[in-house]
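K.L.:
Can you look at this prediction? I've put the sequence above it.
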Amino acid sequence: MHPALNTSLVELLGSRYPIVQTGMGWVAGPKLVSATSNAGAFGIIASATMTYDELVVAIAETKRRTTAPFGVNLRADADDVRQRLELLVREGIPVASFAQAPKKDLIDYLHDHGVKVMPSIGAKRHAEKVMEWGVDAILVQGGEGGGHTGSVPTSLLLPEVVDVVGGRVPVVAAGGYFDGRGLVSALAYGASGIAMGTRFLLTSDSAVPADVKKAYLGTGVTGTVVTTKIDGAPHRVIRTDLVEQMDGASPITAVPKAVFNAAKFRKYTGLSWIQMAREGLAMKKRMDLPWAEVIMAGNTPILTKVTLCDGDLEAGILPTGQVVGVIGDLPTADELVSRIIAEAEATLDRLAGRTPGSSIQES
């Protein structure tokens, strides 16, 4: 492997290559995570959409499928987060990643037990805060990223965060990456590797149903939208009929449309109107959301699950990175990782004026 690819991230994670598969809810399960880690990248189990017992099973199954290291993604605000962290310690999981940065007491607990901490951030000020708390790596997601995302593109956010970090810990670039050229560009900005979600979702090792993958592959670069109408937070998703309907609703029509959708999708959620009302009131108090977004937020996790897991496109919520518009195939995780590394090495050779495939010693 080219020396430029042997970064501090590889040393931290114990992987062969500086490539991370993100903890995508409902997608990053044992099959994809183990295939990713077996390919030399670093797979991460998405535990935020699992119960504690499901996480126990997922870790055990992943260990049966691979002897390579992998991590677990968690919600720092989960009611049972302590129990989950204790599980990671018992199982010898080397890295805990977080969509929202954990407070210092949780970081200290993990460090005391030899677990590395890698939060995801979307703003320079977030990087400054987590560096104060003593994290081991930072995953930086630019606005091109899928699911919950920020407004600053990776090309602007990444160098800002790299400057804040100052080389003290590895920085992982996310949002818009899918090939070896992107990996080299991230390294040029000062990152130590890249993280990809949508690109790993669109592999043959992903358990997402074929019809759903086909819908992703049929989406162009302008076929996504960032909307707050899904659950109150900026969320990049594919422009489905449901998303277009909610995103285009006026303040007058938003609540009736949300109520209509809640009724329509009760077959998926299984929630009674009383349960939805209770959850909605609690959410509104906690997040101060408009009523239409409160109603949708209560349904969004289940609608995402039935789309990504059950293949029911009628549910209509498909989180994705904007990079979906430039992906056109479904390789295995191993084929994908090998291709990215080969492309990265060829790009580095080209930049150095070397003939592709020639050894560094020859230059």
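P.N.:
Cool, the structure landed. Numbers count the residues shown, from 1 in each chain.
K.L.:
which residues of the stretch 1-150 of the chain fall in helices?
P.N.:
8-13, 30-38, 52-65, 81-91, 104-112, 124-133 (DSSP state H, counting those that start in this stretch).
K.L.:
same deal with the stretch 201-350 of the chain?
P.N.:
In the stretch 201-350 of the chain, helices defined by DSSP H, counting those that start in this stretch lie at 210-217, 241-247, 254-264, 266-269, 273-287, 291-308, 333-351, listed in chain order.
K.L.:
which intervals of this structure have sub-threshold pLDDT?
P.N.:
Counting by pLDDT under 70, the ranges of the chain that qualify are 248-300, 356-363.
K.L.:
Quick check: can you list the domain ranges of it?
P.N.:
Split into domains by automatic domain parsing, the chain comes to 3-208+329-362, 220-319.
K.L.:
And the host helix or strand of residue 160, what does it pack against?
P.N.:
Residue 160 belongs to helix 154-165 when elements are defined using DSSP states H and E. Judged by 3 or more C-beta pairs under 8 Å, 6 or more residues apart in numbering; DSSP states H and E, helix 154-165 is in contact with helix 124-133, strand 138-141, strand 171-174, helix 180-189. Where you see a C-beta, it was placed from the backbone N, CA and C, and this is true even at glycine.
K.L.:
in the first one, what counts as buried?
P.N.:
Meaning helix 124-133. Buried residues in helix 124-133, counting neighbours by 16 or more other C-beta atoms under 10 Å, are found at 124, 126-127, 130-131, 133.
K.L.:
Go through the residues you listed and name the one nearest residue 198.
P.N.:
Distance to residue 198, by C-beta to C-beta, is smallest for residue 126 among the buried residues of helix 124-133, at 22.2 Å.
K.L.:
OK, contacts around that closest one?
P.N.:
residue 101 (C-beta atoms under 8 Å, 6 or more residues apart in numbering).
K.L.:
mind redoing it with 10 Å?
P.N.:
Going by C-beta atoms under 10 Å, 6 or more residues apart in numbering, residue 126 touches 100-101, 119-120, 138, 140, 150, 161, 164.
K.L.:
Now, of those residues, which are buried?
P.N.:
Among the contacts of residue 126, the ones that count as buried by 16+ other C-beta under 10 Å are 101, 119-120, 138, 140, 150, 161, 164.
K.L.:
Verify the contact between residue 73 and residue 102 for me.
P.N.:
No: at 11.6 Å, residue 73 does not count as touching residue 102 under the criterion of C-beta atoms under 10 Å.
K.L.:
what sits in contact with each of these two?
P.N.:
Common neighbours of residue 73 and residue 102 (C-beta under 10 Å, 6+ apart) are residue 96.
K.L.:
Do me a favour and get the end-to-end distance for stretch 186-198?
P.N.:
This stretch, stretch 186-198, spans 17 Å end to end (C-alpha to C-alpha, to the nearest Å).
K.L.:
Check the offset of it from the chain's centre.
P.N.:
In terms of C-alpha atoms, centre = their mean, to the nearest Å, the centre of stretch 186-198 is set 13 Å apart from its chain centre.
K.L.:
For it, buried residues please.
P.N.:
Buried residues in stretch 186-198 (16+ other C-beta under 10 Å): 186-187, 189-198.
K.L.:
of those, closest to residue 354?
P.N.:
Closest to residue 354 out of the buried residues of stretch 186-198 is residue 187 (16.8 Å), distances taken as C-beta to C-beta.
K.L.:
what sits against the closest one?
P.N.:
Shown in contact with residue 187 (C-beta under 10 Å, 6+ apart): 4-5, 7, 18, 173, 193-194, 344, 347-348.
K.L.:
same question, residue 25
P.N.:
Contacts of residue 25 by C-beta under 10 Å, 6+ apart are 46-50, 73, 75, 99, 147, 301, 304-305, 308, 319.
K.L.:
one step back: quick one: which two of the contacts of residue 187 are the most distant?
P.N.:
Most distant of the contacts of residue 187, by C-beta to C-beta, are 173 and 348, 16.4 Å apart.
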